[in-house]
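K.L.:
model this:
(chains A, B, C and D)
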Protein chains: 4
Amino acid sequence: MTNSQLTLIQIDNYGPWTVTPEPRREMDLQTLQSRLFADLAQFVGSRDGYVFFTRFDNMVAITNGLDKDDHQLLQESIGNRYPVTISLGTGTDASPVEALEAATAGLQRAGSAQDGDRREVLAGEYLSESRRTPSDVQIAHFDVNDATGKYTDRLNEFDSFIQIEQGYAALMQYLREEYGGLSFFVGGDNIISICPAMDEADYRDAISHVEAEAGVELKVGVGIAENPHVAGMDAKHALEECRHHGTDVEMELPTEDVGITTD
Amino acid sequence: MTNSQLTLIQIDNYGPWTVTPEPRREMDLQTLQSRLFADLAQFVGSRDGYVFFTRFDNMVAITNGLDKDDHQLLQESIGNRYPVTISLGTGTDASPVEALEAATAGLQRAGSAQDGDRREVLAGEYLSESRRTPSDVQIAHFDVNDATGKYTDRLNEFDSFIQIEQGYAALMQYLREEYGGLSFFVGGDNIISICPAMDEADYRDAISHVEAEAGVELKVGVGIAENPHVAGMDAKHALEECRHHGTDVEMELPTEDVGITTD
Amino acid sequence: MTNSQLTLIQIDNYGPWTVTPEPRREMDLQTLQSRLFADLAQFVGSRDGYVFFTRFDNMVAITNGLDKDDHQLLQESIGNRYPVTISLGTGTDASPVEALEAATAGLQRAGSAQDGDRREVLAGEYLSESRRTPSDVQIAHFDVNDATGKYTDRLNEFDSFIQIEQGYAALMQYLREEYGGLSFFVGGDNIISICPAMDEADYRDAISHVEAEAGVELKVGVGIAENPHVAGMDAKHALEECRHHGTDVEMELPTEDVGITTD
Amino acid sequence: MTNSQLTLIQIDNYGPWTVTPEPRREMDLQTLQSRLFADLAQFVGSRDGYVFFTRFDNMVAITNGLDKDDHQLLQESIGNRYPVTISLGTGTDASPVEALEAATAGLQRAGSAQDGDRREVLAGEYLSESRRTPSDVQIAHFDVNDATGKYTDRLNEFDSFIQIEQGYAALMQYLREEYGGLSFFVGGDNIISICPAMDEADYRDAISHVEAEAGVELKVGVGIAENPHVAGMDAKHALEECRHHGTDVEMELPTEDVGITTD
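P.N.:
Below is the predicted model of the structure:
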């Protein structure tokens, strides 16, 4: 069984800020958003978590291994360096979407995302060290078969992008509805999913579904570990196995030595 | 008539680099990608262009006002500061997708995106100053009606995101197929489209289509100008008009004083 | 008694890289250097250490609380995101300069800073948890009395800068020679020193020396703790006390609850 | 004769902000300062100017080629992305220090650097295109002879740094007092000076002075051009000539084709 700790990162009152006193230059907003995401990726990532840009004003992270002090420090540090502040809601559950539901609810209870008085909320629960196990996190790393040959080197970039987007849209909805998994486009032809305890057949099923619905052929490597980085790195290695062996699904068993957090 | 100058920004041989000699930490890749995009946004944006993250390894920019020297300097500066290099293909056309087709073709002719020997290509044509007009660029800025109230404050963040994504998927395909327009999700509930000469009825049609297909209600502000920044800022102001008047489509006429590039 | 863990961060073979194949744009080098420093400041700082830019190609950090895994991860992450790599040498000693001497020697033994084959060295020893105490780190935070009124608002910026620099030059040499302390200019009119176990009289002596030699009047707040962040924050609060009471030296005693790493 | 346009970049009311409501984490301040500098280096540098970090809360730039619109855009963009704002004062003169004197005076007249109500001042005059000449900017790039062999590979890093600092302190004061030149440490063993029209004998004299006073042996390459980037790149090439020929001073004549802004 998995046990995901999900964190919702929400920029406080961001929409109104972007047009106050009048609309701000779009490329400055894009810069602000993407650099904020990069800083979160470094903070969370160097503690072996994963964060996804999602909508940029709301970002989703899987943070097994980060406690309340870590979240508080992150919030303080962003507040010291950006013209905006962030609220952080956290939840844990065997089902990734349920964990996110709890994480989101913590912020929603505190007020609206566009409530000017609701700032720097820190809500929710964290997985204590004693509850952590070597199979808490299941990460699936998908990519598109021969995306460069079929799309990038052949179509104009927007049409390539449409293909990838359609594959992503089909996968994100299917894993969400069937399994409560959360899938994120991470650039290129790559999608990373936070999954509950799924097996090889489940992944074959998902790949078939995406091919039938969107005509996009995926393969996937899966890793299981106590934290997102190790699970994700195992997933990457499994995906390399797919490439070498021409297979569609490769899963790596959880590493035994769970005490090592960097590889 | 519009006349868009589109630039395709492609990281050279990026996929292989991310797994050489072995897969790199995902959060380092996310950091690299989003900071590269931020740097492009600053360079292009401070010269009144717009750049979109698209797939991050391939990014699309509208660069009316940036000449070959600007592109060359951008390429050199990125090469000086990142462990990867970029190739830049540029094209111009009344139809945004045709301009991107030309931009993409310039790079494809030079070799594959994953060809280790093809580095720092600079290909294509640039709009000379004498050919520029005050209506070269049409930017449409869409957002979702009451996204905070309907989604963000009510659903878990992933389900909110699915709604926004579905609206985006419907719009991106429709504008691409019907008009040759290029639409980019820019965070929150915002989509920015590079459009050919479309009128109010065309935009109403697109909004109706998205509502019918994805159940997502959009509104749009449109700006027309000699460069993306001014057109985009007019579009933002027009969108504010939609908010104040409860309208679905507002278009701003091209500004007369086209010589002013900052507002 | 203090026990400082000092880390020397050295960009590998940087000088030759800056002029290969020909000299690179200076502002790209400045961007690269200052962003690399910022990333180190975030990584080390969010683990309660301090890093100083020093010469930018060689940076000095006080890293009590960061172990070998942390250093290795930092090295890997920088290598994934920059066109240059870093070597890290670490040393510990009651005397800050002796700790740095050991840290430096670890890299020097591995080869020259401009040896093209010497990359990503990780050398030296780290303070084990069991050896750490609540008074390992003594941080002194100096600033110039009324720098804004006497210099910034009155002289041209370069002449203000010369005054601050002269004060810094006098202090850095005096603390180095008399006490083995390491002083770093951190912007504005602020100097932060990593000190051995010094007392109030020692600090008065240093301040008198700087006034006599450079004509610059300093005051100082001093903090003592198990890590640089807590010691440094205590020093800042002590400096605020100087401001409120018009005193020259204020020292805060080590905090008793050494288990808390963020405040 | 040279004609330097100098810009003073001052963070508004920065000192008080760093301790409000209580002192902020030092490494967050260091990150903020160095990233702000990096952004300025990219903006100014990609327009062929140079900016120096100086005291970080006050930075000095040579901006020949940047007009009022450029300065205004820079100010707006920083205000959109940082928790602090900047004021910009500009001045022009044959003497660099006089130009900076004028630049500084423009801000001082508007109020104190620590006046909470004085924000985003934009003051001073800009060199019009018609007044620009191919010899407006003289840049001298100094480095220390064999710094790696004599210092970096032999001494501990702080003692190496002291040597470089002493050389810098001697040079900065001498060029300031004798010639009105402005010298900035730019990392490693490099110093870049904005000089008035000085000749080879003047540079020999400065080098001799530094060796006599601080015991540090310098060499220098000098470039003269219509903007800082071209002058600075010529200076770098001249410094390479010093390395190859074992000479102390090399000067490059102004490039004839002044219309080319990137090389």
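K.L.:
Residues of chain A that sit close to chain C?
P.N.:
Residues of chain A lying close to chain C by Cβ under 8 Å from any Cβ of the partner chain are A:Asp39, A:Gln42, A:Phe43, A:Ser46, A:Asp69, A:Gln72, A:Leu73, A:Leu74, A:Glu76, A:Ser77, A:Thr261, A:Thr262. For every residue, glycine as well, the C-beta is placed using N, CA and C.
K.L.:
hmm, which of the residues you listed are the buried ones?
P.N.:
Buried by 16 or more other Cβ atoms under 10 Å in any protein chain shown: A:Asp39, A:Gln42, A:Phe43, A:Ser46, A:Leu73, A:Leu74, A:Glu76, A:Ser77, A:Thr262, out of the residues of chain A next to chain C.
K.L.:
just to revisit the earlier point, which one of the residues of chain A next to chain C sits closest to chain B?
P.N.:
A:Gln42 (5.5 Å; Cβ to the nearest Cβ).
K.L.:
Farthest pair within the residues of chain A next to chain C?
P.N.:
Using Cβ to Cβ, the pair of the residues of chain A next to chain C lying farthest apart is A:Glu76 and A:Thr262, separated by 24.8 Å.
K.L.:
want to throw the residues of chain A next to chain C into CSV with distance to B:Ser135 and pLDDT?
P.N.:
Formatted as CSV, the residues of chain A next to chain C follow (distance: Cβ to Cβ, whole Å; pLDDT from 0 to 100):
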residue, distance to B:Ser135, pLDDT
A:Asp39, 39, 98
A:Gln42, 43, 98
A:Phe43, 45, 98
A:Ser46, 49, 98
A:Asp69, 56, 98
A:Gln72, 52, 98
A:Leu73, 51, 98
A:Leu74, 46, 98
A:Glu76, 48, 98
A:Ser77, 46, 98
A:Thr261, 57, 45
A:Thr262, 55, 42
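K.L.:
Narrow those residues to those in helices?
P.N.:
Members of the residues of chain A next to chain C lying in helices (criterion: DSSP state H): A:Asp39, A:Gln42, A:Phe43, A:Asp69, A:Gln72, A:Leu73, A:Leu74, A:Glu76, A:Ser77.
K.L.:
Format the residues you listed as a markdown table; extra columns: distance to chain D.
P.N.:
Supplementary listing: those in a markdown table, determined by distance: Cβ to the nearest Cβ, whole Å:
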| residue | distance to chain D |
| --- | --- |
| A:Asp39 | 9 |
| A:Gln42 | 11 |
| A:Phe43 | 12 |
| A:Asp69 | 14 |
| A:Gln72 | 12 |
| A:Leu73 | 9 |
| A:Leu74 | 11 |
| A:Glu76 | 7 |
| A:Ser77 | 5 |
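K.L.:
any idea where the strands of the stretch 101-250 of chain A begin and end?
P.N.:
Chain-ordered strands for the stretch 101-250 of chain A, with DSSP state E, counting those that start in this stretch as the definition, fall at A:122-124, A:137-144, A:182-187, A:190-195, A:218-225, A:249-252.
K.L.:
Walk me through which strands the fifth one pairs with, and which way each runs.
P.N.:
Strand pairing for strand A:218-225, using DSSP bridges, gives strand A:137-144 (antiparallel), strand A:249-252 (parallel).
K.L.:
try the first one
P.N.:
Looking at strand A:122-124 with DSSP bridges, its partner strands are strand A:86-93 (parallel).
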